[in-house]
Structures are given as C-alpha cells and as structure tokens.
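Undergrad: predicted model follows, preceded by the sequence.
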Amino acid sequence: GAVVSQHPSRVICKSGTSVKIECRSLDFQATTMFWYRQFPKQSLMLMATSNEGSKATYEQGVEKDKFLINHASLTLSTLTVTSAHPEDSSFYICSVRGTTFYEQYFGPGTRLTVT
Amino acid sequence: GQQVMQIPQYQHVQEGEDFTTYCNSSTTLSNIQWYKQRPGGHPVFLIQLVKSGEVKKQKRLTFQFGEAKKNSSLHITATQTTDVGTYFCAGSSNDYKLSFGAGTTVTVRA
C-alpha cells in the first residue's frame, strides 16, 4: 500500500493563529486525498476531498474558508486551519485513495491543540 | 449520504475467546471496508468486501458482507493481545468516499 506522511505530528498554537498541516504521499501519485478529523474515542469524520489541481470538495458543515485545502501536486496536500480556536483542537488525519480496491491509506495524523 | 452504524462500541474479551462486531448501513453499499486503529495510531486498511454474501478470511479474522449489501460483520476467533485496538467498518455507495462506523474498541484480558 501507499506510504503517507504528515507534518507536524503535534502542534500547539494560540487562539487566533493559523496552522498548516502537510500530507505527503511518499511512494504513490495521489490524485485524490482525503482529510478527516477525529475526536477522542470517536470515529473519523470526513472533512473534505482534495483533488490535485482543482478545488477541494467540502462536506456539509465544514467551513471552506476556515479549513483551507491545497492539493498542488500529486504528492502533497495541505490543510490550513485559519484563525484557530480551542474547539478546533482535534486529531487531523489525511488519507490517500488506492487504486486496487479504492481503499485508503492513512497518514499518522496531526494532533492539534489550540490554547 | 449513508449512515453506518456499528456495534458494540466496546468489547472486553478474555484472551482466547471469540467475538463479533457488526455494521449496518441505512442504504445499500457498493462495498464495505474494514480498518484497524491501534491505540495512538492511525487506521490501517484490512479488507474490502464487494459482492453480496461475500465472506473473506484473514487468519483468525472472518469478514462477511450481507446479502442485501447493507450489513457486515467481523468475527475474530481465539482473541490475542495483539488484537487490541479499534475496528472500524466504512461503507461506500457508488463513489470513493467512505462513511465510517463509530468503531468497536477491543480490550483483551490476559
């Protein structure tokens, strides 16, 4: 399967600042990447689908101006949490869609804490 | 979109025993996938089921897809401590997006 990295793995920021999270597909050209958030002991909630070279598709209830997604190349997608607030604190995970079974390969996740 | 429900939320198992986790979708699925997330880790793809009534095995894990393609189950036999983690089912309906169930968190008593 695909190898996916995320950076940073943990980040603490102050309320009102912006944070950028990178998701890289290390061995696979990913035309489609996904961004999820996961609260403690809860399931994964799809935030948006990131398509290389085009605008991301956001799920209902996810603010596109708050969670900026850029998928500029086949190996990199970024998620920027703008004007972060404590309620944005969460575990953000990206994934790459495979081609065999359309399975998804997940990155290790980024733990965001907003103080 | 479809909603995927998964039970039980928690499963405490004596080492060596069997258990099953169940998934139900509000709509017919084109496929269902299963993932395992170890504590502190990220979800790892286990398997995909596509055909109605399909059954697949991976060692001690048996995955089933219902005849109506709306439900699925994962059965683990002779549970080991390495089985600890949260098992998620994820359904897809004619597109590539996945709707994840709530997950079943498994703990094992030695």
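TA: On my side now, so go ahead.

Undergrad: off-centre distance for stretch A:23-31?
TA: 13 Å (CA atoms, centre = their mean, to the nearest Å).

Undergrad: is stretch A:104-115 in proximity to chain B?
TA: Yes. Residues of stretch A:104-115 are located near chain B by CB under 8 Å from any CB of the partner chain, namely A:104-109. Glycine gets a C-beta too; all of them are placed from N, C-alpha and C.

Undergrad: the chain: strands as residue ranges?
TA: The chain I'm using is chain A. For chain A, the strands defined by DSSP state E cover A:4-7, A:10-13, A:19-25, A:32-38, A:44-51, A:57-58, A:67-73, A:76-81, A:90-97, A:104-106, A:110-114.

Undergrad: to clarify, I was referring to chain B.
TA: Per DSSP E, chain B carries strands over the ranges B:4-7, B:10-14, B:19-25, B:31-37, B:43-49, B:55-58, B:61-65, B:71-76, B:85-92, B:99-100, B:104-109.

Undergrad: go through the fifth one and flag the buried ones.
TA: Same thing as strand B:43-49. Buried residues in strand B:43-49, counting neighbours by 16 or more other CB atoms under 10 Å in any protein chain shown, are found at B:43, B:45-49.

Undergrad: out of the residues you listed, who's near chain A?
TA: Within the buried residues of strand B:43-49, those near chain A by CB under 8 Å from any CB are B:43, B:45, B:48.

Undergrad: ok, which residues in chain A are in contact with chain B?
TA: So chain A meets chain B at A:1, A:32, A:34, A:41-46, A:49, A:93, A:95, A:97-98, A:101-109 (CB under 8 Å from any CB).

Undergrad: for chain B, what lies in contact range of chain A?
TA: B:31, B:33, B:35, B:41-45, B:48, B:50, B:88, B:92, B:96-103, B:105.

Undergrad: for A:C94, give me the pLDDT.
TA: We have a pLDDT of 97 for A:C94.

Undergrad: got it, and B:G1?
TA: pLDDT, B:G1: 60.

Undergrad: where in the chain is pLDDT low?
TA: Since you didn't name a chain, this refers to chain A. Within chain A, no range satisfies pLDDT under 70.

Undergrad: ah, I was thinking of chain B
TA: Ranges of chain B meeting pLDDT under 70: B:1-2.

Undergrad: can you select the buried ones among the residues of chain A next to chain B for me in ChimeraX?
TA: A single ChimeraX command selects the buried members of the residues of chain A next to chain B (16+ other CB under 10 Å):
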select /A:32,34,43,44,45,46,49,93,95,97,98,102,103,104,105,106,107,109
